[in-house]
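In: let's see this in three dimensions:
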Amino acid sequence: MADKSKGPESVALADINLLTVTSAELQKLLTSGQVRSTELVELYLDHIEKHNHNGLKLNAMISTTPRETLLRIAQILDEERVNGTVRSKLHGIPITVKDNIMTGPELGMPTTVGTYALEKAMARKNAPIVERLIRAGAIVIGKANLSEMTGWKGFGITTGWSALGGQTQSPYIVGGFKDGDKLLGHSAPGGSSSGSAAGVAAGFAPLALATETDGSIVQPANRAALYGLKTTVGLLPTEGTAPWSSLTDSIGGMAKSPEDLRVLIQTLSNADYDQSVTNSWEDLRVGFVDPTLWSFSPVICDPDENLIQQQRREMATAMTKIKEMGGTVKQPVPLTSMDELMLDGDDALEQLWNHDFQREWDQFLLGYESKNVGTLKDIVLFNSKHSEKALPPRYPGQQLLESAVDEKQKISHEKYAEGVELIRKAARINGIDKTLIEYDLDVIVGPMDGRIPTIAAAAGYPVGTMPLGYSVSNGRPFGMCIVARAGQEGKILQAMGAWDATIGKRKPPPQMLTNTAKTNGRMGLGQAPVL
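Out: Numbering: from 1, shown residues only. Alright, predicted model coming up:
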């Protein structure tokens, strides 16, 4: 039973290191009564206040749930716990929600998708996936920043910039990502779920709920030394989430540990992944692709030869370790190339996405009770009228949106059907399925910062990322991408558990350790963590 006499200066609370503590560890403290959820809310809100727009100015959060609302929710959950009711392993645990997922008026935050046109737009109700979080007892502490899909796609999608949230900064890079940097450079936090990843790595919450079309979860999670997972397309409800295309859109999460990620996905999906908790490579069959064929893609990141070679060396070391620990490794294994995802000489996925975007966005906008715009065409007009605030400063265009509302740039329904058949056959039948079957594998692993997530997107299959190392050039994290068949999230989570137990632990951001001072009598985050 929780001791209500304990105040925010309790020893257990003071010893929490937000940069390293996991949801599972917080749950143990809550269960033992050493801390309360109301105290955790105060702790995380204070830390967000210190480094979101102040301090290191990470810009990871667009908004936070009003403090009084959070404390009221946390108090109810604390009382439930005292009375013997614990809804799930997420009961009383703070989590961030990407600001393209609708939250209802009761949480007091608009759902902006980062765009100026939706600055104060309030959704009618929580998205179904948010309702699942709330029923599980999770505390939505705020809405995370994201890449705004407006103009030149290299800037708008991959760099973590939005009109309302500004430029998300990586907590690992001293000095941060600036407008004058190479736009696809190694100091960018990645996108589109940039704030979700930066926020978890910076200790704004132990967990993040996010969305992915192609790389939007795994790419920024990779650059924040997190475990990230996009679930099988269709596994979780996407109603009330800003769409690009239902062909490849899905929901997933980010965490500092595979255990936390497993609990999050299991809670949201009502699936049973307990069998994946082995932390062992025995009975796991892993295929590694040829890193020379799946290296850094210019679409994702400017190739850096030093980092490429470092990644390959550490990947080879990981393969050796897996074999030593009883796992089966096959390398190199083939995987269908991006060249197979071409329709009439152009990128098939981009043509399919462009076909779906306007229709699905117009449907999404119906979920608002108050807004300045009603259709995607309205957003294009609004952005043109308010270009100085709505569009990226260096690239004030909105080509993605303009092409989505231009009927002349859309493929026909017949060509669309042909394209869907093409990508599914290439990525599923002749791609992931073929490799898994022919080589008798559970999962396929390869370098992040490449196009493996795109192959998974085309197949509609789950894809994750696992931390591997840190660049000797600037300390930016890098990791491995992992793919499995539809519905095989358990295999990915099993491999993640073994990876975390044997390959090496993630490191918190060094600049956070040195720039977070002791406040209000609590332990400074730079001190040795207890948890």
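In: can we go C-alpha only for contacts and neighbour counts from here?
Out: Fine.
In: mind checking which helix or strand of this structure has the lowest mean pLDDT?
Out: Within the chain, judged by mean pLDDT, DSSP states H and E, the helix or strand with the poorest mean is helix 153-156; its value is a mean of 48.
In: ok, then the element right after that helix?
Out: For helix 153-156, the succeeding helix or strand toward the C-terminus, using DSSP states H and E, is strand 161-162.
In: which residues does that following strand contact?
Out: 114-115, 145-148, 155-156, 167-168, 392 (Cα atoms under 8 Å, 6 or more residues apart in numbering).
In: in ChimeraX, how would I select just the buried ones from those residues?
Out: This is the ChimeraX syntax for the buried subset of the contacts of strand 161-162, where burial follows 16 or more other Cα atoms under 10 Å:
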select :114,115,145,146,147,148,155,156,167,168,392
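In: tell me the one among the contacts of strand 161-162 nearest to Ser403.
Out: Relative to Ser403, the closest of those is Gly156; by Cα to Cα it sits at 14.6 Å.
In: so Asp260 sits in a helix?
Out: Yes: with DSSP: H, G, I helix; E, B strand; the rest coil as the criterion, Asp260 is assigned to a helix.
In: quick one: it and Glu25 touch, right?
Out: No: counting by Cα atoms under 8 Å, Glu25 is not a contact partner of Asp260; they are 9.5 Å apart.
In: show me where pLDDT drops low in the chain?
Out: In the predicted model, the chain carries pLDDT under 70 at residues 1-9, 151-158, 179-185, 515-531.
In: of Asp260 and Glu25, who's got more company?
Out: Per other Cα atoms under 10 Å, whichever of Asp260 and Glu25 has more neighbours is Asp260, with 22 against 14.
In: next one: phi and psi at Ala188?
Out: Note on Ala188: its backbone torsions stand at phi -70, psi 140 [degrees, to the nearest 10].
In: equivalent analysis for Ala144, please.
Out: For Ala144, the backbone dihedrals are phi -90, psi 150 (criterion: degrees, to the nearest 10).
In: ok, how many other residues are close to it?
Out: Residues lying near Ala144 (other Cα under 10 Å) number 33.
In: now it: how far from Ala486?
Out: In this structure, Ala144 and Ala486 are separated by 28 Å, where distance is defined by Cα to Cα, to the nearest Å.
In: and Ile429, by the same measure?
Out: The gap separating Ile429 from Ala486 is 12 Å, by Cα to Cα.
In: which one of these two has more residues nearby?
Out: Between Ile429 and Ala486, counted using other Cα under 10 Å, the more crowded position is Ala486 (19 against 14).
In: where's the more buried one relative to Gly460, distance?
Out: Here the distance between Ala486 and Gly460 works out to 7 Å (Cα to Cα).
In: mind listing the strands for the stretch 51-200 of the chain?
Out: For the stretch 51-200 of the chain, applying DSSP state E, counting those that start in this stretch gives strands covering 61-64, 94-98, 122-123, 139-144, 161-162, 166-167.
In: now, of those, which is deepest in the fold?
Out: Highest mean neighbour count of these: strand 161-162, a mean of 30 (counted as mean count of other Cα atoms under 10 Å).
In: quick one: that strand to chain centroid distance?
Out: Using Cα atoms, centre = their mean, to the nearest Å, we find the averaged C-alpha position of strand 161-162 to lie 15 Å away from the chain's own average C-alpha position.
In: before we move on, what about stretch 493-508?
Out: In terms of Cα atoms, centre = their mean, the gap separating the centre of stretch 493-508 from the centre of its chain is 18 Å.
In: just stretch 475-486 next, same as before
Out: 12 Å.
In: please work out how many residues are found near Thr336.
Out: Taking other Cα under 10 Å as the definition, Thr336 ends up with a neighbour count of 18.
In: give me phi/psi at it?
Out: Note on Thr336: its backbone torsions stand at phi -50, psi 140 [degrees, to the nearest 10].
In: and for Thr328?
Out: With angles defined as degrees, to the nearest 10, Thr328 sits at phi -100, psi 130.
In: that one and Arg81, how far apart?
Out: Using Cα to Cα, Thr328 is found at 44 Å from Arg81.
In: one more: Gly142?
Out: Taken as Cα to Cα, the spacing of Gly142 relative to Arg81 amounts to 23 Å.
In: swap in Gly469?
Out: Remark: distance between Gly469 and Arg81 (Cα to Cα) = 39 Å.
In: give me the more crowded residue out of the two.
Out: Neighbours per residue (other Cα under 10 Å) separate Gly469 from Arg81, with Gly469 holding more: 24 against 21.
In: who's the more buried one bridged to?
Out: The residues paired with Gly469 through beta bridges, assigned by DSSP bridges, are Phe478.
In: repeat that for Ile482.
Out: Beta-bridge pairing of Ile482 under DSSP bridges involves Val445, Gly464.
In: quick check: it vs Leu71, distance?
Out: Distance from Ile482 to Leu71, by Cα to Cα: 38 Å.
In: who's more crowded, those two?
Out: Neighbour comparison, Ile482 and Leu71: the larger count goes to Ile482, with 29 against 19 (by other Cα under 10 Å).
In: need the contact list for the more buried one.
Out: When the contact criterion is Cα under 8 Å, 6+ apart, the partners of Ile482 are 443-446, 463-466, 492.
In: which residues of the stretch 301-450 of the chain fall in helices?
Out: Listed from the start of the chain, the stretch 301-450 of the chain has helices (DSSP state H, counting those that start in this stretch) covering 305-324, 348-365, 376-385, 387-390, 399-405, 413-424, 433-438.
In: which of the ones you listed sits most buried?
Out: A comparison of the helices of the stretch 301-450 of the chain by mean neighbour count, using mean count of other Cα under 10 Å, puts helix 348-365 on top with a mean of 20.
In: which other residues reach it?
Out: Here helix 348-365 makes contact (Cα under 8 Å, 6+ apart) with 239-246, 341-342, 374-376, 403-405, 410-411, 416, 419-420, 423, 458.
In: distance from the chain centre to it, please.
Out: Taking the mean C-alpha point of helix 348-365 and that of its whole chain, the gap between them comes to 21 Å (Cα atoms, centre = their mean).
In: kindly report the same for stretch 220-235.
Out: Centroid separation between stretch 220-235 and its chain, computed with Cα atoms, centre = their mean, is 5 Å.
In: quick one: end-to-end distance for it.
Out: Taking Cα to Cα as the criterion, the two ends of stretch 220-235 lie 22 Å apart.
In: so that it lines up with my notes, have the first residue be 37 from now on.
Out: Fine by me, first position is 37 from now on; the one you just mentioned is stretch 256-271.
In: what sits in contact with each of Ala522 and Gly496?
Out: Among the neighbours of Ala522, those also in contact with Gly496 (Cα under 8 Å, 6+ apart) are Thr268.
In: which residue is nearest the middle of this protein?
Out: Ranked by distance to the mean C-alpha position of the chain (Cα atoms, centre = their mean), the top residue is Ile253 at 3.3 Å.
In: can you give me the neighbour number for the residue nearest to Leu437 when sequence neighbours are not counted?
Out: Across the structure, with Cα to Cα, 6 or more residues apart in numbering as the measure, the residue nearest Leu437 apart from its sequence neighbours is Thr186 (5.8 Å). Other residues within reach of Thr186 by the criterion other Cα under 10 Å amount to 25.
In: how about the contacts made by Thr186?
Out: When contacts are counted by Cα under 8 Å, 6+ apart, Thr186 is found next to 192, 427, 433-437.
In: hmm, 6 Å instead?
Out: Taking Cα atoms under 6 Å, 6 or more residues apart in numbering as the definition of contact, the neighbours of Thr186 are 434, 436-437.
In: save the residues you listed as JSON lines, and put in distance to Glu386 too.
Out: Formatted as JSON lines, those follow (distance: Cα to Cα, whole Å):
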{"residue": "Gln434", "distance to Glu386": "16"}
{"residue": "Leu436", "distance to Glu386": "10"}
{"residue": "Leu437", "distance to Glu386": "13"}
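In: closest to Ser229 among these?
Out: Using Cα to Cα, the shortest approach to Ser229 within those belongs to Leu436, at 18.0 Å.
In: from Tyr452, how far out is that closest one?
Out: 18 Å.
In: same check, this time on Arg487
Out: For Arg487, the distance to Tyr452 equals 22 Å [Cα to Cα].
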